[in-house]
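1. Sequence and computational prediction follow.
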Number of protein chains: 2
Amino acid sequence: MKKTHLFAPGPTPVPPEALLSMALPILHHRTPEYEALFAEVREGLKGLFQTAEEVLLFAASGTGGMEAAVVNILSPGDRALVIRGGKFGERWGEICQAYGIDGVPVDVPYGKAVNPALVAAALERDPQVAAVFSTHSETSTGVLHDIEAIARIVRKTPALLVVDAITSLGVMDLPVDAWGLDVVVAGSQKALMLPPGLTLVGVSRKAWAAVERARLPRYYFDFAAERTHLLKNQSRFTPAISLVVGLQQTLRMIRTEGLANIVRRHARLAAAMRAGVTALGLELFAERPSPAVTAVHVPKGIDGGAIVKTLRAKHGVIIAGGQGSLKGKIFRLATMGYADASDVVVALSALELTLAELGYPVKIGEGIRAAQEVLAQ
Amino acid sequence: MKKTHLFAPGPTPVPPEALLSMALPILHHRTPEYEALFAEVREGLKGLFQTAEEVLLFAASGTGGMEAAVVNILSPGDRALVIRGGKFGERWGEICQAYGIDGVPVDVPYGKAVNPALVAAALERDPQVAAVFSTHSETSTGVLHDIEAIARIVRKTPALLVVDAITSLGVMDLPVDAWGLDVVVAGSQKALMLPPGLTLVGVSRKAWAAVERARLPRYYFDFAAERTHLLKNQSRFTPAISLVVGLQQTLRMIRTEGLANIVRRHARLAAAMRAGVTALGLELFAERPSPAVTAVHVPKGIDGGAIVKTLRAKHGVIIAGGQGSLKGKIFRLATMGYADASDVVVALSALELTLAELGYPVKIGEGIRAAQEVLAQ
């Protein structure tokens, strides 16, 4: 007997309520039943995004939502700032390049958060910048960028602020309207507690004005065409029906727990996880750690790949290693979405045992004890 | 007590085996377990597409797969033939237009199949045509186009033949390699018996050569980048994991039944459905009817919308009405994927009762009896 425990930064565990709702016979989407369900989902998403505007849904992974953001607000040859400090920040640059956008990088070393003053300076130097592409929680490094501070700068300019909130929405506070975020991209497989395959995109009024002018080619990911159907509780193309059905369930769970409580829970679990790994003598990778995912330096002399593999093969615990140039150098533990204190304990226990097996000097139980102290507060 | 029966041309019923497999705890995709599953899925898809080439998967609805076909094989300003005879043929034209492709229409009246000689003549007139976009089973009209004959013409030219097989793959014989089809797009929610959200794209060697030259912008739907990951039993971005898990189950069901038997079953059910509706004095809309969906003229004096609504509200039977200019003029009944003889009987029974309720002179039982006679053969 070996149970599987998922601590990767996506996909995250799906609660049984959602799994079972998706196992019911499939609904047809051109029916009053689906339209009533979708009306509820639209309202739930507005609450989650803390916006009065509609949130668009596309059958795609989060990267599809990112591409949608680029092609709906820009025209060929436009210039944009791209905040890069990890794989997902870099992805904005790759999408811009694919579409002929002049993506001026604002580079940050891996593990560091961007200094908002750099963004302010870049925008002052170049008032032609049409958009700033940023990551809220950079999943590849575990860093949380200060989107509130960046938004304070960008919203005073004509530029749009586009935020990859794929691992932040529903994890931390992200009041889209209050902060003045223009395009906010989320994915189903993170704090929304669903399988991957659905991306959600919030669009501000300022962004809608840009959509009208934007001339990059688009069809499947067309914001304006999609919105026309959404306002009738429909989608332009066949939606990812089962995921929307599951979303109704997880949005109900989110409403029942309450967004403020959810944010506190994620902060508490991440604090406990950080306390646990540091008590084992390990070092955090992120200077400004995200509550979505805890990135940890692989200790000297230990094989980073072996940590991930041993956790999975011997303990049924799925975590993520480092990506790209961070491969073998860090590992990442997430408690996102459907997670509680018991998960932190399970993850740390398996980590302690794994490190001991790999020859790292670990005092068994010390990580868990430090985490419990945080959880007891 | 009222059971729901789904006879729309997508989404189609999902078998319990697939529903339950998707209700298991979510797999992480960067694990050996997922890679083994995906290796099996890749082989199953090659069998279903009857191709030696890889079949690419994207988290998207079928339209996403159609857009992927356009942007991966063409360059700005390229010319293409677009066979149009319904909403889905027209969609090829819309995608071409969105991307600056000169889409020369080959128009066919709704309800008719394209004459392959028209395609031959158009290609002879214009040897610069880079691609021919076609629909196999035109879901909006119930027409089956003769893709085999069209392929015989196109494969002698440098042009690529791109086929929307969304409601044909797994319904009728479609030997991709033997016929020489270049890009073949399918969707999960038809004969593949899954929820919507996954599109599958077969790509021939001739098409791969075009992919290298094609300069239309693309990122999320990039064939070459996706293939690199697929060859390692991975996907470039987070895949629609639950749908891939379900696909393993439905591909096993398809292999067990056997493609030839599946094709025969669909032909038999559609023949029974056609016999049933014509025995009620109704007229088929399609000159060359597809076994995927039976399109029927709304009889004079009857409200087409009321047929769809009464079937749903009183009998729990979901069918599709006409789309666009065909709204109110036809209705459409599908027995696609997870369907057997009992479904034809249920659909025809509900149709007979509905027509009688709406004042159409129907001899109760005559439609079913005619269908049974076909089923008995």
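-> Thanks, I have the structure now. Numbering: from 1, shown residues only, chains lettered A, B, ... in the order given.
2. Give me the residues contacting stretch A:95-105.
-> Applying CB atoms under 8 Å, 6 or more residues apart in numbering or on different chains, the contact partners of stretch A:95-105 are A:63, A:66-67, A:70-71, A:74, A:76-82, A:84, A:92-93, A:122, A:126, A:129, A:133, A:216, B:217-219, B:222. Yep, even glycine has a C-beta here, placed from its N, CA and C like the rest.
3. just so I have it, where are all the helices in the stretch 151-300 of chain A?
-> A:176-179, A:205-213, A:223-230, A:241-257, A:259-279 (DSSP state H, counting those that start in this stretch).
4. Which one, of the ones you listed, ends up nearest to chain B?
-> Nearest to chain B among the helices of the stretch 151-300 of chain A is helix A:241-257 (3.8 Å), distances taken as CB to the nearest CB.
5. distance between the ends of stretch A:22-41?
-> Length of stretch A:22-41, first residue to last, CA to CA, to the nearest Å: 15 Å.
6. any low-confidence regions in the stretch 151-300 of chain A?
-> Across the stretch 151-300 of chain A, nothing is flagged by pLDDT under 70.
7. if we can go back for a sec, just put the helices of the stretch 151-300 of chain A in TSV and tack on distance to chain B and mean neighbour count.
-> Converted to TSV, those look like this (distance: least, CB to the nearest CB, whole Å; neighbours: other CB atoms under 10 Å in any protein chain shown):
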stretch	distance to chain B	mean neighbour count
helix A:176-179	23	18
helix A:205-213	14	16
helix A:223-230	10	17
helix A:241-257	4	21
helix A:259-279	18	20
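8. Can you tell me which of the contacts of stretch A:95-105 are buried?
-> Buried residues within the contacts of stretch A:95-105, counting neighbours by 16 or more other CB atoms under 10 Å in any protein chain shown: A:63, A:66-67, A:70-71, A:74, A:78-82, A:84, A:92-93, A:122, A:129, A:133, A:216, B:217-219, B:222.
9. What about these, which are in helices?
-> A:Thr63, A:Met66, A:Glu67, A:Val70, A:Val71, A:Trp92, A:Gly93, A:Ala122 (DSSP state H).
10. Relative to B:Thr12, which of these is nearest.
-> The shortest gap between B:Thr12 and any of those belongs to A:Thr63, at 28.1 Å (CB to CB).
11. So that closest one sits against B:Pro239, correct?
-> No - contact between A:Thr63 and B:Pro239 fails when scored by CB atoms under 8 Å: they sit 11.2 Å apart.
12. For the residue nearest the centre of chain A, grab phi and psi.
-> Central residue of chain A (CA atoms, centre = their mean): A:Thr167, 1.5 Å from the mean position. Backbone torsions of A:Thr167, given as degrees, to the nearest 10, read phi -110, psi 20.
13. need the contact list for it.
-> With CB under 8 Å, 6+ apart, A:Thr167 has these contacts: A:Pro9, A:Gly10, A:His136, A:Ser137, A:Thr139, A:Lys190, A:Ala191, A:Ser290, A:Ala292, A:Val293, A:Ala334, A:Met336.
14. Next, count neighbours for the last one.
-> Going back to what we said before, that points to A:Met336. Using other CB atoms under 10 Å in any protein chain shown, A:Met336 has 32 other residues around it.
15. The fourth one too?
-> For A:Ser137, the tally of surrounding residues (other CB under 10 Å) stands at 30.
16. name the element A:Leu311 belongs to?
-> Element membership of A:Leu311, judged by DSSP states H and E, is helix A:304-315.
17. partners of the helix or strand just after that helix, with directions?
-> Next helix or strand after helix A:304-315 toward the C-terminus (DSSP H and E): strand A:317-318. The strands beside strand A:317-318 in its sheet (DSSP bridges) come out as strand A:5-6 (parallel).
18. returning to what we had before: so which of the helices of the stretch 151-300 of chain A comes closest to B:Val108?
-> So among the helices of the stretch 151-300 of chain A, helix A:223-230 is nearest, using CB to CB, at 25.5 Å.
19. and the angle for that closest one with helix A:62-73?
-> Here helix A:223-230 points in a direction 110 degrees away from that of helix A:62-73 (axes from the mean of the first three to the mean of the last three CA atoms, to 10 degrees).
20. Which other helices and strands does helix A:223-230 contact?
-> Judged by 3 or more CB pairs under 8 Å, 6 or more residues apart in numbering or on different chains; DSSP states H and E, the packing partners of helix A:223-230 are strand A:55-59, helix A:62-73, helix A:205-213.
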